[in-house]
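Engineer: Pasting a predicted model and its sequence here:
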Amino acid sequence: MKKYIKLTLASLAIIIALSACKKVLDTQPYDRISEDVVWSTKANAETFIYNTYGILNSFLSGPQTDPRTTNILGFENIYDGAAPIFTENVTRSSDYGFNNWGDIRRCNLIIKKVGESAGISDADKKALIAEAKFLRAMSYYSIARSTGRIVWIDKVLTPDDELKLPSTANPTESYNYIIKDLEDAVTDLPATKIAGRTNKFVAASFLTEVCLQALAYKNYPAAAAVNQNDPLLQKVLDNAQIVIANGGYTLESDYGGMFNETKKNSDEIIFGVYRLAINTSNEGTPMQQMVPNLNNSRINQNLGSPLLNNQNIFEAWAANFPSQNFVDDYLTIDKSNSNLALPWDETSQYQAAVEEGANIPSSGTAHNVIPRANGETIIKTGKIKAGSTETIWKLSNENRDARWRATVWSDSTDRIYGELLTTTIRGNANRWIKLNGYAYYVSLSNMYWKKGLYTNVNPRPYVGVATDYHYVPMRLGRVYLNLAEAYLLKGDISNAVINLNRTRVIHGKLPAAQVTTQANAWTDYKRERRVDLVLENDYYFSLLRWGRFGGNANSGLSSGATIPELTQPIRIMDVSKDRKGFITLTGPFGGANNVRVFDASRRYLFPIAQGYIDNNPKFGPQNPGW
């Protein structure tokens with residue numbers, strides 16, 4: 001059984017009360033604990049370390065981690081800081097976390113004080129120092145992947161030290177420090193698995209991704225030129241094998257369960273962050289912005305159906321929604337060839353059943369009507385041919401990638417908290433409830449997020465309702481995908497496809513991809529990573545990495561060019577009430593900002609906030625373009 005750590009300051013007092021002598025605790029002042037006590041034993045030191053794990057909050061998951069991309073359509077002004085990014089309203093004064101020095105001081109304090117402790121064994125010192133190096137590396141990595149450069153500090157500074165330190169000269173120097181810390185952690189951390197705490201395999205897993213990012217930013221801002229024999233690629237391969245061969249982790253067949261309460265202890269999860277109901281409520285989790293706000297009065301006003309059995313279930317603040325751009329990457333098994341998986345609207349069953357370009361009525365009360373909103377542009381229309389027994393629901397749901405229904409809550413796909421949501425025209429949870437002004441926190445894309453939604457919040461997902469919750473910053477599927485990318489960069493298509501097929505087959509329940517060209521392998525790989533790691537704080541930074549690699553990794557464009565996936569207009573799909581017709585369209589969608597801009601001259605790194613450089617010129621120069 002996995003053990004858990006709970007990161008609270010109260011735990012420090014509890015552990016020290018049990019381990020320190022009463023005489024020490026009876027010494028004034030009573031509200032403080034001396035450093036000598038904190039670093040006197042392994043148990044006391046560990047409590048300080050546990051409270052340093054907040055560093056990993058930069059790698060948490062949920063819809064709020066992905067709004068910079070075209071995966072998400074959200075309400076205006078509810079982007080958690082993303083709208084200024086994709087509309088290019090970022091200025092050189094914008095701060096993307098350059099100042100992580102408080103966290104770094106804690107890590108350096110652990111290294112120093114543990115090393116000096118007379119009460120901690122040499123073996124325990126080695127492991128605890130390695131843990132601090134892992135945390136230091138992760139803090140710096142969260143900065144490096146945004147701004148490229150960091151202020152490297154590897155000791156506890158005092159007032160007598162020179163405090164106006166320089167930043168690293170370039171991303172390569174930053175990543176060299178980060179990689180060295182992670183390699184030390186892999187060497188000296190134990191293999192023991194404690195949920196919520198690092199070990200040898202956690203460090204090795206993150207190292208596979210750090211090395212890929214480091215490779216992409218070599219020579220920045222000059223074009224990236226990937227050498228198939230680059231030592232960084234070998235580090236990815238070697239560390240992935242440490243995890244795969246020795247970690248004891250296995251891919252989870254119940255993909256969705258890893259992100260709710262049913263499989264939170266899955267053997268695929270390498271590192272999770274676990275919150276307990278004793279100090280966590282629904283609004284403190286991503287679920288508050290995943291669940292809609294609905295009642296029967298609003299549904300009736302919209303001529304919708306079915307009515308809810310329990311009108312008190314849906315009173316949350318859904319704000320971020322899956323886009324059609326994203327969900328089109330969930331493949332469907334072709335009925336004419338079960339070894340073939342295609343986009344749902346390219347399958348033989350779709351082609352046999354659907355007349356594209358059909359005239360779809362836009363007014364009236366018939367079940368085949370699909371209304372239009374001002375400012376929206378139709379991209380495609382389709383309706384079921386006369387005599388066909390198919391429906392748009394069947395074509396877009398049956399035989400589809402299993403992660404579709406585990407990730408996205410769409411028209412009639414599942415009952416959640418006993419209720420069936422329908423998102424067709426005149427459904428009970430479609431976008432027209434919002435557009436007609438009958439509801440507020442209802443999807444703009446006719447879809448909601450399901451990945452990461454617990455099904456046992458009692459009595460319902462609502463403000464103040466206590467709940468456990470967990471996040472998955474690292475898992476085995478991610479390691480396999482990092483490994484696949486390394487093989488692609490080495491030109492080894494066969495091994496790349498073998499490893500991208502791990503998640504595609506086990507998580508997606510799809511037939512294995514069978515490709516022989518670099519271009520097709522990259523297409524399948526990028527799709528696989530997008531759907532498997534959606535909402536896991538990955539896609540934006542992966543797109544930047546692929547843009548730096550260029551070529552097949554970025555739609556055939558040169559290194560450092562624009563990134564098509566970051567400039568596409570958001571698409572949605574409306575389906576008629578009888579599910580016999582559909583339109584896909586783009587537009588403002590109820591006032592939500594739907595413009596995506598990517599200035600390749602500067603967007604591969606965010607600025608170092610100019611205020612820091614003004615106070616200390618050694619932090620400069622400013623990043624290119626800012």
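Structural biologist: Okay, I see it. Residues are numbered from 1 along each chain as shown.

Engineer: For burial, what's the neighbour tally of Thr187?
Structural biologist: Thr187 has 12 neighbouring residues, counting by other C-beta atoms under 10 Å. The way it works is simple: take the backbone N, C-alpha and C, and place the C-beta from them, glycine included.

Engineer: For it, give me phi and psi.
Structural biologist: phi -70, psi -40 (degrees, to the nearest 10).

Engineer: from memory it sits against Ala130, does it?
Structural biologist: Yes. Counting by C-beta atoms under 8 Å, Ala130 is a contact partner of Thr187 at 7.3 Å.

Engineer: all strands of the stretch 201-350 of the chain, in order?
Structural biologist: 269-275, 320-322, 331-334, 337-343 (DSSP state E, counting those that start in this stretch).

Engineer: Go through these and pick out the most buried.
Structural biologist: Of all those, strand 320-322 carries the top mean neighbour count, a mean of 29, counting by mean count of other C-beta atoms under 10 Å.

Engineer: List of residues touching that one?
Structural biologist: If you take C-beta atoms under 8 Å, 6 or more residues apart in numbering as the criterion, strand 320-322 is touched by 63-64, 66-67, 71-75, 78-79, 289-290, 407-408, 410, 443-445, 447-449.

Engineer: Kindly provide the distance from Asn309 to Asn296.
Structural biologist: Using C-beta to C-beta, to the nearest Å, Asn309 is found at 10 Å from Asn296.

Engineer: typo on my end, Ala222
Structural biologist: Distance from Ala222 to Asn296, counting by C-beta to C-beta: 61 Å.

Engineer: Now for the nearest residue to Leu500 once chain neighbours are set aside: which residues touch it?
Structural biologist: In space, and not counting its chain neighbours, Leu500 is closest to Ala484: 4.3 Å by C-beta to C-beta, 6 or more residues apart in numbering. Residues in contact with Ala484 (C-beta under 8 Å, 6+ apart) are 495-500, 525, 528.

Engineer: thinking again about what came up before, show me which of Ala222 and Asn296 is the more surrounded one.
Structural biologist: Asn296 (14 against 9).

Engineer: List the contacts of the nearest residue to the more buried one once chain neighbours are set aside.
Structural biologist: The shortest distance from Asn296 to any non-neighbouring residue, by C-beta to C-beta, 6+ apart, is to Leu307 (4.7 Å). Residues counted as contacts of Leu307 (C-beta under 8 Å, 6+ apart) are 296, 299-300, 428.

Engineer: Ok, Phe606 next?
Structural biologist: 90, 94, 96, 146-147, 623, 626.

Engineer: isn't there a helix covering it?
Structural biologist: No. Membership of Phe606 in a helix is not supported by DSSP: H, G, I helix; E, B strand; the rest coil, which gives coil.

Engineer: ok, back up a step: what are the phi and psi angles of the residue nearest to Asn296?
Structural biologist: Note on Leu307: its backbone torsions stand at phi -70, psi 160 [degrees, to the nearest 10].

Engineer: tell me the pLDDT at it?
Structural biologist: pLDDT recorded at Leu307 is 96.

Engineer: Quick check: the gap between it and Ala366.
Structural biologist: Going from Leu307 to Ala366 by C-beta to C-beta gives 21 Å.

Engineer: what's near enough to touch Ile313?
Structural biologist: Here Ile313 is in contact with 417-419, 460 (C-beta under 8 Å, 6+ apart).

Engineer: My error: substitute Val327 in the last question.
Structural biologist: 404, 408, 410, 447.

Engineer: The third one: neighbouring residues, count only.
Structural biologist: Counted with other C-beta under 10 Å, the neighbours of Ser410 add up to 26.

Engineer: Please apply the same query to the first one.
Structural biologist: Trp404 has 22 neighbours, counted by other C-beta under 10 Å.

Engineer: Which strand or helix spans it?
Structural biologist: Per DSSP states H and E, Trp404 falls inside helix 402-407.

Engineer: what does that helix contact?
Structural biologist: Contacts with helix 402-407, where a contact means C-beta under 8 Å, 6+ apart, come from 255-256, 322, 327, 330, 397, 413-414, 449-451, 507-510, 531-532, 534-535.

Engineer: For Arg372, give its distance to Trp432.
Structural biologist: In terms of C-beta to C-beta, Arg372 sits 11 Å off from Trp432.

Engineer: the more surrounded of the two?
Structural biologist: Legend: neighbour count by other C-beta under 10 Å for Arg372 and Trp432, higher for Trp432 (23 against 15).

Engineer: show me the contacts for that one.
Structural biologist: Trp432 neighbours (C-beta under 8 Å, 6+ apart): 302, 371, 425-426.

Engineer: Helices of the stretch 51-200 of the chain, start to end?
Structural biologist: 83-86, 101-116, 122-147, 171-188, 200-216 (DSSP state H, counting those that start in this stretch).

Engineer: quick one, which of the ones you listed is packed in tightest?
Structural biologist: Ranked by mean neighbour count, those are led by helix 200-216 with a mean of 26 (mean count of other C-beta under 10 Å).

Engineer: Now name the helix or strand holding the most centrally placed residue in the chain.
Structural biologist: Against the mean C-alpha coordinate of the chain, by C-alpha atoms, centre = their mean, the closest residue is Glu536 at 1.9 Å. Using DSSP H and E, Glu536 sits within no helix or strand.

Engineer: Give the burial count for the nearest residue to it once chain neighbours are set aside, as a bare number.
Structural biologist: Leaving aside its chain neighbours, Glu536 sits nearest to Ser61 (4.7 Å; criterion: C-beta to C-beta, 6+ apart). Neighbourhood size, Ser61 [other C-beta under 10 Å]: 23.

Engineer: and Ser61, what pLDDT?
Structural biologist: So, for Ser61, pLDDT stands at 87.

Engineer: Please convert the buried members of the contacts of strand 320-322 into PyMOL selection syntax.
Structural biologist: Burial among those is assessed by 16 or more other C-beta atoms under 10 Å; the matching PyMOL selection reads:
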select buried, resi 63+64+66+67+71+72+73+74+75+78+79+289+290+407+408+410+443+444+445+447+448+449
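
Engineer: So which of the contacts of strand 320-322 sit within strands?
Structural biologist: Here DSSP state E is the test, and the contacts of strand 320-322 give 72-74, 408, 448-449 as lying in strands.

Engineer: so Leu500 makes contact with Lys526?
Structural biologist: No. Counting by C-beta under 8 Å, Leu500 stays clear of Lys526, with 9.5 Å between them.

Engineer: if we can go back for a sec, can you tell me how far the residue nearest to Glu536 sits from Thr391?
Structural biologist: From Ser61 across to Thr391, the span is 33 Å (C-beta to C-beta).
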